[in-house]
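Asks: 3D, please:
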Amino acid sequence: MTERYVVAVDQGTTSTRCIVFDRQGRLVSVVQREHHQSYPRPGRVEHDAAEIWRNVRRLAPQALAEAGITAGQVAALGITNQRETTVLWDRHTGVPVGPAIVWQDTRTAAMVTGLAGEPGAAAVQERCGLPLAGYFSAPRIRWMLDETPGLRERAERGEVLFGTMETWLIWNLTGGLHVTDVTNASRTMLLDVRTLRWSAEACDFFGVPMAMLPEVRPSVGVLGTATTALPGVRIGAALGDQQAALFGQTCFSPGEAKCTYGTGGFLLLNTGTEPVRSGHGLLTTVAYQLAGEPATYALEGSIAVTGSLVQWFRDGLGLIGSAAEIETLARTVDDNGGCYIVPAFAGLFAPHWRSDARGVIAGLTSYVTKGHLARAVLEATGWQTREVVDAMNADSGLALRALNVDGGMTSNNLLMQFIADVLDVPVVRPMVAETVSLGAAYAAGLAVGYWPDLAGLRRNWHRAAQWAPAMDPARRAAEHENWQAAVERTLGWIRTPAVR
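Replies: From the prediction side, this is the model:
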């Protein structure tokens, strides 16, 4: 019997990867290609969507060749993508009408400030479960329609289409199928998070013609069949990258959570089949939906600065030569020496959402050495995680029992132990670190019966390492109080509204 495989396309912010997985969820081959990052003006970040599609078209056959398999051996393709990045293209030519506006882009800040004062703003936020912010897709669509002469009229006639990156790739892979999944749709501010349908009221509020929107589909279920790159292969799933990581970590039950530690940190908590409205600065989002079943929802907390603080410590201060050296330096001391670093470089994200904040180093004395500073850098990620988890517990009523982790920072054992200590729950790292890609593969394989059910995926998941909490409760409380005092000192630094 010929062995079959599942392929994942992971379309990220800086690169695209194509990975082949076997039935045990093991990596068979991995290929990757970076794409150009364009910064035409301060605060603007753009990608060439056509370049990204060309990369996918090259990478998919290359991944099969390196695995020594053919397209006929691929059971399904799963797609995961950078969320909120916005592409508009011509329905007839398939050519983008301009650069893709990346999720990091801040050009819509002034527009969003104006929209916040409009009648109906509160209703839009209530309907979509997201705060009114330029971080999401709808303001970017409006900006493109307003700034390009004649584009709005073409969009109203259905000649111009919108999509996030998975929609753009599916369109090209299938030769014109215009669909999205519920996780990506839930990040646009245009989806009613309860009905999982486009909201006519939200579209009117943002000035987005509904004719340009893709059809909303479940995350897990056959979306179409590829006609190019992987001809004949069924596209079994699409999920936003952080939702794919949650799926790859097999966090299928309410109360299960994962945090991905990269440049920033993204913590998602499964809240079950009812959306939970946050009263503590978190986002309500769709975690995933299996075809024919109710959607599963999540609360999400975004931490702006985690790994990038280590990069600043290395490149900005020159105190270490490589990111890995920070653990060695931090272990030269027993504690932080009374020093706390709050990395509010561009304000504080969840759960504070304070754009007037700026970073501080608090508690400096002549006793503090670079070893203490290194420890404070790592502890900043732990305390920021604690803030998000506290908010999630308060919103959901589900006390976190363990935290599954992935991303580059999880190789730092000192940091993982500290996170376990301040959360007072075990921290668990899986055997397969590529949880975003694995989640897309799991979802696609599940859709076509390659894996039988969610329980089967759980059996595939294997623990590589676990850290148990070991901090004295009195010390934990005292250190937390000190961290909160340091956070207070970041607030109000910018006295005029900051553009984020």
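Asks: which strand or helix spans the residue nearest the centre of the chain?
Replies: By Cα atoms, centre = their mean, the chain has its centre lying nearest to Gln242, at 3.7 Å. Per DSSP states H and E, Gln242 falls inside helix 241-248.
Asks: and that helix, what other elements does it pack with?
Replies: Judged by 3 or more Cβ pairs under 8 Å, 6 or more residues apart in numbering; DSSP states H and E, helix 241-248 is in contact with strand 74-81, strand 257-261, strand 265-272, strand 283-289, strand 295-303, helix 435-447. Heads up, the C-betas are built off the backbone N, CA and C, glycines and all.
Asks: please point out which parts of the helix or strand following the last one sit buried.
Replies: In other words, helix 435-447. On the C-terminal side of helix 435-447, the closest following helix or strand by DSSP H and E is helix 454-460. Across helix 454-460, burial judged by 16 or more other Cβ atoms under 10 Å covers 454, 457, 460.
Asks: surely the first one touches Glu256?
Replies: No. Here Leu454 lies out of contact with Glu256, judged by Cβ atoms under 8 Å, at a distance of 11.7 Å.
Asks: can I get stretch 274-294 in PDB? Just the C-alpha atoms.
Replies: Provided in PDB are the C-alpha atoms of stretch 274-294 (Å, rounded to 0.1, in the frame of the first residue of the first chain):
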ATOM      1  CA  GLU A 274     -20.000  30.200  23.100                       C
ATOM      2  CA  PRO A 275     -18.000  33.400  22.500                       C
ATOM      3  CA  VAL A 276     -16.800  35.000  25.700                       C
ATOM      4  CA  ARG A 277     -16.900  38.800  25.800                       C
ATOM      5  CA  SER A 278     -13.800  40.200  27.400                       C
ATOM      6  CA  GLY A 279     -14.000  42.800  30.200                       C
ATOM      7  CA  HIS A 280     -10.300  42.700  30.700                       C
ATOM      8  CA  GLY A 281      -8.700  43.800  27.400                       C
ATOM      9  CA  LEU A 282      -8.700  40.500  25.500                       C
ATOM     10  CA  LEU A 283     -10.000  39.700  22.000                       C
ATOM     11  CA  THR A 284     -12.900  37.400  21.300                       C
ATOM     12  CA  THR A 285     -12.100  35.300  18.300                       C
ATOM     13  CA  VAL A 286     -13.000  32.000  16.500                       C
ATOM     14  CA  ALA A 287     -10.600  29.200  17.400                       C
ATOM     15  CA  TYR A 288     -11.800  26.800  14.700                       C
ATOM     16  CA  GLN A 289     -14.800  25.200  13.200                       C
ATOM     17  CA  LEU A 290     -15.200  21.600  12.000                       C
ATOM     18  CA  ALA A 291     -17.600  21.200   9.000                       C
ATOM     19  CA  GLY A 292     -21.100  20.500  10.200                       C
ATOM     20  CA  GLU A 293     -20.300  21.400  13.800                       C
ATOM     21  CA  PRO A 294     -20.600  24.600  16.000                       C
END
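Asks: give me the buried positions along that stretch.
Replies: In stretch 274-294, counting by 16+ other Cβ under 10 Å, buried: 275-276, 278, 280-290.
Asks: the stretch 1-150 of the chain: helices as residue ranges?
Replies: 49-67, 109-116, 121-128, 137-147 (DSSP state H, counting those that start in this stretch).
Asks: and the ones you listed, which is most packed in?
Replies: helix 137-147 (a mean of 22; mean count of other Cβ atoms under 10 Å).
Asks: remind me which residues of the chain are low pLDDT?
Replies: 1, 496-500 (pLDDT under 70).
Asks: which SS class is the spatially most distant residue from the centre of it?
Replies: In the chain, the residue that sits farthest from the middle, by Cα atoms, centre = their mean, is Ser366; the gap is 40.0 Å. Assigned by DSSP: H, G, I helix; E, B strand; the rest coil, the conformation of Ser366 is coil.
Asks: and the gap between Val222 and Thr296?
Replies: 19 Å (Cβ to Cβ, to the nearest Å).
Asks: if we can go back for a sec, outside of the helix holding Gln242, which residues touch it?
Replies: Helix 241-248 has contacts (Cβ atoms under 8 Å, 6 or more residues apart in numbering) with 10, 12, 78, 80-83, 183, 219, 239, 258, 260, 266, 268, 270, 285-288, 298, 300, 406, 430, 432, 434-443.
Asks: CSV for the helices of the stretch 1-150 of the chain, including distance to Gln311?
Replies: Below are these laid out as CSV (distance: least, Cβ to Cβ, whole Å):
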stretch, distance to Gln311
helix 49-67, 25
helix 109-116, 25
helix 121-128, 33
helix 137-147, 27
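Asks: and those helices: which comes nearest Arg197?
Replies: Ranking the helices of the stretch 1-150 of the chain by their distance to Arg197 (criterion: Cβ to Cβ) puts helix 121-128 first, at 10.7 Å.
Asks: list the helices and strands that closest one packs on?
Replies: Using 3+ Cβ pairs under 8 Å, 6+ apart, helix 121-128 sits against strand 191-192, helix 200-206.
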